[in-house]
Each structure stands twice: as C-alpha cells, then as structure tokens.
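**Q** Kindly generate the corresponding structure for this input.
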Amino acid sequence: MNWIKSISRRAKRFILVISIVLVSIASFSFVEDYYFEVSKNLDIFTTLFRDVNIYYVDSLQPGDLMKKGADAMLRSLDPYTVYIPESEIEDYRMTHISAEYGGIGALVHERDGQIEISEVYEGFPAQKADIHVGDKIISVNGVTTQSKKVDDVTEFMKGQKGTSVKMVLQREGVPQPIEKTIVRDEIKFKNVPYFGMVNDHTGYIKLTQFLENSADEVKQALTTLKQDPKMKSVILDLRGNGGGLLKEAVDIVNLFVDKSQKIVSQRGKVKEMNMEYFASKTAVDTDIPVVVLVDRGSASASEIVTGAIQELDRGVIIGQRTFGKGLVQQTYNLSYNTLLKVTIAKYYTPSGRCIQALDYTHRNADGSVSKVADSLITEFKTKGGRVIYDGSGIFPDIYTDPDSYSNLSGALFHNYYFFDYANKYSREHSTIAAAKDFSLSESEYQEFVSFLNGKKYEYTDKSEKELDSFKKAAEKDKHFEALKQEYDALKAKMANYKKQDLINHKDEVKEILEGEIASRYYFQKGRLESSFRGDQDLKKALEVLDNSALYTSILKGDGPYKVIGKPGSEAQAKANSEREEDDGLN
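**A** Residues are numbered from 1 along each chain as shown. As a prediction, this is how the structure comes out:
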C-alpha cells in the first residue's frame, strides 16, 4: 500500500512539474509573440514614415507629420496620454508642474484686429507700471502688433527676469499713445490665490491648481487663519480645479487627518507602479469642521482630496458631482528632449472605489466612449459606514444646483460689454467700496442699461429655441398652417418680453457687472470677494458649519445622509441630466 502512495505522490509531482513547464513555455511564447509584434510594427512605422517623406508629391515637415501621427495614435487611448515635442516643453511645465516664467504679469486678448490687455495681476510689473485693463497694445519693443496673434505678442512680453520690454499703448480717453518701459520679473502664480475670513468665525481657502508647493500654500493659509481665535471652521474651495500633482493632493489631505491614514492608492498593468499613499506628517488640525466645495470642473487631484475627506468622514462635501477622472499619468523622457505623458494606472480612494467616469478601454464601434452604466456601479462605504458609489466622480454629501446664466448675460459677455463698461466705470470713479461691500445703485444700473442702447448683442433664449423646434415639428406633421396665427402671436409676445430682459435678469447681470468692476480696483481678489454675496454653494457651506448638529449628523450618516448619490435617486438623475446637457453644449 505504501508503494502505491509513493508512486501516486511521484506522479502528482511529475504532473505539477510538467504543468509549470508548459505554463512557462506558453507564457514565454506569449511574451515573445508580443514583443515580436512591437518590433514588427515599429519597423513598419519607420519605413512608412521614411517613404512618405521621400516620395510624397509635396514637401513635408517631418516634425509636424510626426506630431500629427503621434497625436492620432495616442488619442485612440485617452485624452491624457500625449506626446510633447521640444517646442512645447516649457508650456507643459508651466501648465502641469510650476506656473513660473519671466514676464510682466498681464494677459491679452485679440478684439477687432487689435491686441488688448485683458487682465492685470496684482503685485507684478504690469500693475506697478500702471498698465490698465483695456489698454490696446500698439507695439512691443518696436514691433507692431498689427496682424499679430495673441501668442506672438505674449512671447514678446515674456523674457528673462531683469530684462526690460518697451510697450506703446493706446488708452481710452488719452489722445496720445503711452510709452512704458517695464522690467520683467519672475511671474509665479499662486496655487492659493486667496484666503481669508468669510464671516466672523469661518475661514476660506481657494485652491485653483495642484502644482508645486500647493500643499505648503494651503498649510500656510490654514495656519494663518487659525491665528484668529474666533475662527471655528474652514471652507476649502476646489471648484473649477482640474487637478495636478498627486503628491500635493496627498499632502493637503494630510493637513486634516492623522498620520498612517490611507489617502489614495494606484494600480496599473506594471506592478512596480502599484502604490499606496498614507498621511505621513503631523496634521495641522484633525478636529476643525471642514467643508469642501466642488463642482463639475473639480477633477483628478481635486477628486483625490475630496474622496479622502469624504471617505474618512473628515468633512462635508457640498456642490455638484465632480468630473470623474480616476487616471494617473507619469511623464517619461524621450529622445531629442521630447516627452511622453502616459496613463500608467487608475487611482482608488481609501474605500477602494475608482471614480473614473468614462471607459476608454472599451470604446463603441464608432470610437465614442461610454459612461459607466448604473448597473455596473458598485457600492462602497466610508470609514463610518455611509454608503457611496464608484464609477462617476465624487457625489457631494449635499447636492446644490449649479450656477446657470441667461443667454442675455452670455451675449453681453461675448460682446465685451461687461468688460468695456467696467473700464468706463473705473475711469470715472477713482475709488469704490471694499469688494465684499461694493454694489451698484439703481441709478448706476440704469446707466449701464443706457450704455447698451443701440449696441448689438443678439441671442436666442431657450424658449425661442423650443418654439422654433415646435414650428419644425408642426411643419413636418402638416399642422403648422392651422397653428400659424397662434404661433405668430406667441412669437411676437416673446419678442416684447425679451426687450425687458435687462430688467428680468437684473440681479444676475448686476452681479456679473459688479464683479467685473471690482476686479479693476482689487484685481482677482476683488472679483472673488464680490462673488461671495451671490454664491449659493458658499451660503450652504456656512449654513452647515453654523449648525453643529447638522454637520455632525451628515458625517454620522443619519437619516437622508446615510446614502450618498444612489444611482436612480432624484439628485443623481439631476446630476446626470446636467452632465448630458454640458456634453451636448461641448
């Protein structure tokens, strides 16, 4: 009997060894075939590129052709995997790593064939040299701006710190051109352009990007605010923040949570890229009540911060569902000083959910990308047991309706009437009240209405579009002739009502105009502070923070706060509808 067991054991070992050998051979064969395919297609691409450049009937620019080919290839993967040629390296570094360059601290736009100053940044050379928003640039260093593009003029204005640039400007109300010689300085835009108290006991920090030092800036802002003994809570505003460096996001969460808390993890095809990130430093404050404001423009690193704060039950999230970018990119150096930014992994919040909204791996037959279906969305839980879901961004604990502006305001904006009137107002008024308090009087608003008399700003209301759609449908159904009289009467009535839109939309138009005017005196800080009065998300945040019982109830998951963003819920349906409307507009 023992010899039978011995033979059986040997047979099992033999089968195991043979299986391992076969699997190894199969794996080796697969790897060998894969790398043969890579090698073969590289050879095809090389010969294709060479022969097109040699034999194509017209002269080609090899660099341009290569860029277009690389862009088309990478575009089939996802929007975040990109090839960066040497000529675009500096722009890439400014956008994704550190917004720092030598210049004067002003933005320009083109209007009616002229280059015009569109924004002046406080504390930089342009502001110190008394350059005004609305100044038209005639020449830069003796080179006329006529027929020049915005990018060309911007490049003229940039240069090494300490060098000078000579500009000739035409200013409204000044008959002769103005000459300015401006010494360039290091222009570095802050990740935290603003922080302060929004009421007696609530601090506010606006974070616009996650570039280098963003965590240090948030820490400095939070530490400074905490020096006020009356400050009892803080709002972190991530609305419109499209993200940036993952490390900065981890460090920002670490300001509010204890050491050793998991903040985010990433997993990809290459195991060496799989990483977990934990809070590693002493937090600034683990107890202060926190509200994070988000919207549909909050993405990537913003979602890492939001997801961690929500899932660790550290603060309340208010606003709209975030963008849904759960992909991690890494940059690799290529030959000839070029770069490849490639998606290497997906990131996962502390509970293990991935909030990526679009599935780029499984494209539709027409090449389009689908959102994650509700049936595939999985339930997860926060540290305290609140129910959350993956697959489509971070859903806020308290959902608010997004700001929406009338087509009237859009038309006034695109025709530069807010811009021009703010310039006019600043020429006629040497000072105004503090931005938080500044408000146009009724007579001043009527002056703006008079300013618009005779000016063209055509726009189509949603109701007009619906009426036009009705007409087309009625004509198709052969019903329009019978309804024409009623249609014409309704159209005429709508046209008369539309003439009153400056009154109908007065609060909205007035709010936008006040922000534009405030920016002429107090720059970007003034525009932001002016917006506080009409900021519904901010008002909701203050309402929650002023009610400690409500704040605690949300984080504990009491009653309606137990489940956040359930698929099929009214709030989720509303968010889906708004997202689809945005996609349609884009």
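**Q** Quick one: the helices in the stretch 351-500 of the chain, in order.
**A** 407-414, 417-428, 442-451, 462-476, 480-498 (DSSP state H, counting those that start in this stretch).
**Q** now do the stretch 1-150 of the chain
**A** So, for the stretch 1-150 of the chain - with DSSP H, counting those that start in this stretch - the helices run 2-55, 62-75, 89-96, 125-128, 150-157.
**Q** Residues in contact with stretch 139-149: which ones?
**A** With contacts defined as CB atoms under 8 Å, 6 or more residues apart in numbering, stretch 139-149 is touched by 110, 113-115, 137-138, 153, 156-157, 165-168. Where you see a C-beta, it was placed from the backbone N, CA and C, and this is true even at glycine.
**Q** now the lengthiest strand in the chain and helix 62-75, what's the angle there?
**A** The strand that spans the most residues within the chain, counting by DSSP state E, is strand 338-348. Relative orientation of strand 338-348 and helix 62-75, computed by axes from the mean of the first three to the mean of the last three CA atoms, to 10 degrees: 10 degrees.
**Q** picking up where we left off before, top of the contacts of stretch 139-149 by neighbour count?
**A** Met167 (26 neighbours; other CB atoms under 10 Å).
**Q** Can you tell me how far it is from Lys506?
**A** 39 Å (CB to CB, to the nearest Å).
**Q** quick one: low-confidence ranges for the stretch 451-586 of the chain?
**A** 496-497, 569-586 (pLDDT under 70).
**Q** List the buried residues for the helix or strand Asp216 falls within?
**A** Assigned by DSSP states H and E, Asp216 belongs to helix 214-226. Neighbour counts over helix 214-226 (16 or more other CB atoms under 10 Å) mark 214-215, 217-219, 221-222, 225 as buried.
**Q** okay, stretch 516-525 in CSV with CA atoms only?
**A** C-alpha atoms of stretch 516-525 as CSV (Å, rounded to 0.1, in the frame of the first residue of the first chain):
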residue,chain,number,x,y,z
GLU,A,516,-16.0,92.9,-13.3
ILE,A,517,-15.9,96.4,-11.9
ALA,A,518,-14.4,95.2,-8.5
SER,A,519,-11.6,93.5,-10.4
ARG,A,520,-10.5,96.9,-11.8
TYR,A,521,-9.8,98.1,-8.3
TYR,A,522,-8.9,95.0,-6.4
PHE,A,523,-7.8,92.6,-9.2
GLN,A,524,-8.5,88.9,-9.0
LYS,A,525,-9.1,89.0,-5.2
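**Q** Narrow the contacts of stretch 139-149 to those in strands?
**A** Reading strands off the contacts of stretch 139-149 with DSSP E, I get 110, 114-115, 137-138, 165-168.
**Q** what's the closest of those residues to Gly557?
**A** Checking the ones in strands among the contacts of stretch 139-149 against Gly557 by CB to CB gives Glu110 as the nearest, at 52.5 Å.
**Q** show me what contacts the closest residue to the closest one other than its chain neighbours?
**A** Of all residues not flanking Glu110 in the chain, Val150 sits nearest, at 5.2 Å (CB to CB, 6 or more residues apart in numbering). Neighbouring residues of Val150 by CB under 8 Å, 6+ apart: 108-110, 115.
**Q** next one: Lys506
**A** For Lys506, counting by CB under 8 Å, 6+ apart, the contacting residues are Tyr445.
**Q** now it: how far from Ser87?
**A** Applying CB to CB to Lys506 and Ser87 gives a distance of 48 Å.
**Q** just Asn41 next, same as before
**A** 27 Å.
**Q** Same question for stretch 345-355: list its buried residues.
**A** 345, 347-351, 353-355.
**Q** roughly how far out does it sit from the chain middle?
**A** Mean-position distance between stretch 345-355 and its chain equals 20 Å (CA atoms, centre = their mean, to the nearest Å).
**Q** and that stretch, average pLDDT?
**A** The average pLDDT for stretch 345-355 rounds to 95.
**Q** First-to-last residue distance for that stretch?
**A** Distance across stretch 345-355, first residue to last, is 13 Å (CA to CA, to the nearest Å).
**Q** Please enumerate residues in contact with that stretch?
**A** Taking CB under 8 Å, 6+ apart as the rule, stretch 345-355 contacts 246, 261-268, 273-274, 303-304, 307-308, 311-312, 322, 324-328, 356, 378, 380-383, 388-394.
**Q** Just the buried subset of these, written out for ChimeraX, thanks.
**A** Entered in ChimeraX, the line below selects the buried ones among the contacts of stretch 345-355, by 16+ other CB under 10 Å:
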select :246,261,262,263,264,265,266,267,268,303,304,307,308,311,312,322,324,325,326,327,328,356,380,382,388,389,390,391,392,393,394
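**Q** Next step: the contacts of stretch 345-355 restricted to strands.
**A** Using DSSP E, those in strands are 262-267, 327-328, 380-381, 388-389.
**Q** pLDDT for those - can I get that in CSV?
**A** Formatted as CSV, those follow (pLDDT from 0 to 100):
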residue, pLDDT
Lys262, 97
Ile263, 97
Val264, 97
Ser265, 97
Gln266, 96
Arg267, 95
Leu327, 94
Val328, 93
Phe380, 96
Lys381, 96
Ile388, 96
Tyr389, 94
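**Q** Could you point out which of these is nearest to Val369?
**A** Set against Val369, the nearest of the ones in strands among the contacts of stretch 345-355 by CB to CB is Leu327 (12.5 Å).
**Q** what about that closest one, distance to Gly268?
**A** 10 Å.
**Q** and what of Val140?
**A** 46 Å.
**Q** And for Phe323?
**A** Separation of Phe323 from Gly268 (CB to CB) stands at 20 Å.
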